[in-house]
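Student: after the sequence you'll find the predicted model.
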Amino acid sequence: MPRGAWLDTGDEGEVGPDGVLWVAGRADDTIVTGGENVHPSEVERALTSSPVVIDAIVFGVDDPTWGQLVCVALVLAEGAEPRSALAIASAGLAPFKRPRRFVVVEQISPDGAAKVSRRQLASTLAGRLEPMSYERASR
């Protein structure tokens, strides 16, 4: 391949002003909600930065109003209350990136190493998802 040519890998990202490539994630994993693009890996990084969120995997579920809803399967620290943990962990995210549905699971990957299909997870967990709402800031 000639120097400076592009190879289509299916990944999304951007080249910063310093010339460093930042990969946001797979293009086919992007969640489109209300016309906004949400990269699951960005939401996962924000959620797992909380000490009470041990692991998280973000996926989209079809919605007739929004196109897709941002959803998450969470592994929480023992004793953590799911809604407050999710609200605190999501605080730094733009409102459209915050998960609207969630489910608490004991583990994300059955063997701890296998890659989990977001689409498969969405269909498997759809019936167990609980709604999440966030308090609006007073003006």
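Tutor: That came through, no problem.

Student: next structured bit after the lowest-mean-pLDDT helix or strand in the chain?
Tutor: When the helices and strands of the chain are scored by mean pLDDT, DSSP states H and E, strand 21-26 comes last with a mean of 54. The helix or strand immediately downstream of strand 21-26 is strand 31-33, counting by DSSP states H and E.

Student: ok, and what's touching that next one?
Tutor: For strand 31-33, the external contacting residues (C-beta atoms under 8 Å, 6 or more residues apart in numbering) are 37-40, 58-60, 63, 66-70, 96. Using the backbone N, CA and C atoms, a C-beta is placed for each residue, glycine as well.

Student: list the pairing partners of it within its sheet, with orientation.
Tutor: strand 36-38 (antiparallel) (DSSP bridges).

Student: figure out how far the strand it pairs with is from the centre of its chain.
Tutor: Between the centre of strand 36-38 and the centre of its chain there are 11 Å (C-alpha atoms, centre = their mean, to the nearest Å).

Student: the strands in this protein, which residues?
Tutor: 11-15, 21-26, 31-33, 36-38, 53-63, 67-76, 101-104, 130-131 (DSSP state E).

Student: select, out of these, the one closest to Val116.
Tutor: Nearest to Val116 among these is strand 53-63 (5.9 Å), distances taken as C-beta to C-beta.

Student: for that closest one, name the packing helices and strands.
Tutor: Judged by 3 or more C-beta pairs under 8 Å, 6 or more residues apart in numbering; DSSP states H and E, strand 53-63 is in contact with strand 31-33, helix 40-48, strand 67-76, helix 118-125.
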